[in-house]
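J.: Dropping the sequence and predicted coords here.
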2 protein chains.
Amino acid sequence: MPIDPKDVYRLREETGAGMMDCKRALEEAGGAFDKAREVIKKKGLEKADMIAQKGGDVKEGRIGAYIHSTGKVAAMVELTCQTDFVAKGDDFQELLKEFAVAVAAFSPLVVSKDQLDPKLVEEEKAKYANDVKGKPPEIAAKILEGKMEKNLYSQKCLLSMPYPKEDKFKGTYGDYLKSKVGNIKENIILRRFVRMELGK
Amino acid sequence: MPIDPKDVYRLREETGAGMMDCKRALEEAGGAFDKAREVIKKKGLEKADMIAQKGGDVKEGRIGAYIHSTGKVAAMVELTCQTDFVAKGDDFQELLKEFAVAVAAFSPLVVSKDQLDPKLVEEEKAKYANDVKGKPPEIAAKILEGKMEKNLYSQKCLLSMPYPKEDKFKGTYGDYLKSKVGNIKENIILRRFVRMELGK
């Protein structure tokens, strides 16, 4: 069912969550406003965007590392936050570990899709030229975005990858991070990662 | 005192250690052949070069990682050997750990000096042009090598850095690795490393 843009704005206004998060929450709630607000709250997305946009240095943090039990794959990540107090907290430490494990397990290429090589993005887009040919621009854009999300972003960009423990959280790693920002009430940025595999 | 090249050859013949190792052992022993042979043996350099030169795949191994107790510096290394049997052994695992710690602690730029950017090497060499001016070529080369070793190689190349636990082993990390090759009787190669520091 179509979502009323006014509801999206109002939900954003009331919760401080991101525009896309509000839209998705409304979709999940079948358009029911109060239910959507519950979704936002449950996912910890309240204020997450406001916190992220407020600015302020995000220079504290930790380096995390994970070695797979075979000893043949390992990963390191840099996760930053705003205070050392948060950095040494359990929530942050767990997040750090989860990202290091994700890098080792899923071999992402980059942290977020804006870091992808533009050439790679163009090559992928070209594959769907036929799928969108003759479609109205708005629909074409939507189809394309869907294809890109499914075949490139969710495969190669860590924050676009699905968070695998569905019973704990449903959404991408990016959504998961955002929910942590909402819970911890401090901006958290995944800066970079390195993955190493024996012989590769 | 000058070392008789014949002794160097003979020592190499008898122990299988590298030419430079034999020369250094003779120097350390003040030229006494039997004492030099003991030095080679003690350092585990016997057969180390022969093993390294024998060839054969060096594709097994492990990835090691180390996080400094602050959580703000970490390192990963890839260390390879010839059999999985050796890779899971205590000696190899200890070596792996020691290299990861060394990378975190000493921030090397490269594994070995042949991997240095040639431009950097040339720039460093240029600094000593005055020190060698007018000197006979052989002496000039020796002076230059000494300066390079001291001011560049031992500062930036992991295998040229001094192994810090002197009571355990005297020499560079490269010598230390070689002594392990001699002990374990299998070629071991430090392939690469990555170091990560918060905010750098």
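T.: Noted; the coordinates are in hand. Given the structure is predicted, the values throughout are model-derived calculations rather than measurements. Residues are numbered from 1 along each chain as shown, chains lettered A, B, ... in the order given.
J.: In chain A, what helix or strand scores lowest on average pLDDT?
T.: For chain A, the helix or strand with the lowest mean confidence is helix A:48-53, at a mean of 77 (criterion: mean pLDDT, DSSP states H and E).
J.: Give me the packing partners of that one, helices and strands only.
T.: In terms of contact count using 3 or more C-beta pairs under 8 Å, 6 or more residues apart in numbering or on different chains; DSSP states H and E, helix A:48-53 is assigned the packing partners helix A:173-184. From N, CA and C alone the C-beta is placed, and that goes for glycine too.
J.: Would you mark the buried spots in the helix it packs on?
T.: Of all the residues in helix A:173-184, those buried under the rule 16 or more other C-beta atoms under 10 Å in any protein chain shown are A:173-182, A:184.
J.: Export those as JSON lines, with columns for distance to chain B and pLDDT.
T.: Shown next, in JSON lines, are the buried residues of helix A:173-184 (distance: C-beta to the nearest C-beta, whole Å; pLDDT from 0 to 100):
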{"residue": "A:Tyr173", "distance to chain B": "19", "pLDDT": "96"}
{"residue": "A:Gly174", "distance to chain B": "21", "pLDDT": "94"}
{"residue": "A:Asp175", "distance to chain B": "25", "pLDDT": "90"}
{"residue": "A:Tyr176", "distance to chain B": "21", "pLDDT": "93"}
{"residue": "A:Leu177", "distance to chain B": "18", "pLDDT": "94"}
{"residue": "A:Lys178", "distance to chain B": "22", "pLDDT": "90"}
{"residue": "A:Ser179", "distance to chain B": "23", "pLDDT": "88"}
{"residue": "A:Lys180", "distance to chain B": "18", "pLDDT": "90"}
{"residue": "A:Val181", "distance to chain B": "19", "pLDDT": "90"}
{"residue": "A:Gly182", "distance to chain B": "24", "pLDDT": "84"}
{"residue": "A:Ile184", "distance to chain B": "17", "pLDDT": "87"}
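J.: give me the number of residues near A:Lys97?
T.: Neighbouring residues of A:Lys97 were enumerated by other C-beta atoms under 10 Å in any protein chain shown; the total is 15.
J.: Could you report the pLDDT at it?
T.: Confidence at A:Lys97, expressed as pLDDT, is 97.
J.: Would you mind measuring from A:Phe33 to chain B?
T.: Separation of A:Phe33 from chain B (C-beta to the nearest C-beta, to the nearest Å): 42 Å.
J.: For A:Met196, which three-state class applies?
T.: Look at A:Met196: counting by DSSP: H, G, I helix; E, B strand; the rest coil, its state is strand.
J.: Now do it: how many residues are near it, please.
T.: Other residues near A:Met196 come to 23 when the count uses other C-beta under 10 Å.
J.: just to revisit the earlier point, name the surrounding residues that touch the least confident helix or strand of chain A.
T.: Contact partners of helix A:48-53, identified using C-beta atoms under 8 Å, 6 or more residues apart in numbering or on different chains, comprise A:16-18, A:21, A:178-179, A:181-182, A:185-187.
J.: Kindly recompute the last result at 10 Å.
T.: Taking contacts as C-beta atoms under 10 Å, 6 or more residues apart in numbering or on different chains, the residues outside helix A:48-53 that touch it are A:12, A:15-22, A:40, A:58, A:82, A:175, A:177-189.
J.: C-terminal to it, what's the next element?
T.: Under the assignment DSSP states H and E, the closest C-terminal helix or strand after helix A:48-53 is strand A:60-67.
J.: most centrally placed residue in chain A?
T.: For chain A, the residue nearest the mean C-alpha position is A:Gly174 (1.3 Å; C-alpha atoms, centre = their mean).
J.: and that one, what does it touch?
T.: A:Gly174 is in contact with A:111-113, A:153, A:157-161, A:163, A:190, counting by C-beta under 10 Å, 6+ apart.
J.: now do A:Leu144
T.: Residues counted as contacts of A:Leu144 (C-beta under 10 Å, 6+ apart) are A:124-125, A:128-129, A:131-132, A:135.
J.: Swap in 7 Å and give it another go.
T.: Contacts for A:Leu144 were tallied using C-beta atoms under 7 Å, 6 or more residues apart in numbering or on different chains; they are A:125, A:128, A:132.
J.: Could I have the buried ones of these as ChimeraX selection syntax?
T.: A single ChimeraX command selects the buried members of the contacts of A:Leu144 (16+ other C-beta under 10 Å):
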select /A:128,132
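J.: Nearest to chain B among the contacts of A:Leu144?
T.: Distance ranking of those against chain B, using C-beta to the nearest C-beta, places A:Lys125 first at 32.0 Å.
J.: Now the two most distant members of the contacts of A:Gly174.
T.: Of all pairs drawn from the contacts of A:Gly174, the greatest distance, 16.2 Å, lies between A:Lys113 and A:Tyr163 (C-beta to C-beta).
J.: Give me every residue in chain A lying close to chain B.
T.: Along chain A, the residues adjacent to chain B under the rule C-beta under 7 Å from any C-beta of the partner chain are A:59, A:61-63, A:65, A:67, A:71-74, A:76, A:78, A:194, A:196, A:198-199.
J.: Quick one, which of these are buried?
T.: Among the residues of chain A next to chain B, those buried by neighbour count (16+ other C-beta under 10 Å) are A:61-63, A:65, A:67, A:71-74, A:76, A:78, A:194, A:196, A:198.
J.: ok, which stretches of chain A are helices?
T.: Using DSSP state H, the helices assigned to chain A run over residues A:5-15, A:19-28, A:33-42, A:48-53, A:84-87, A:90-106, A:118-126, A:129-132, A:137-148, A:154-156, A:173-184.
J.: just those: most buried one?
T.: Scoring the helices of chain A by mean neighbour count under mean count of other C-beta atoms under 10 Å in any protein chain shown gives helix A:173-184 as the most buried, with a mean of 22.
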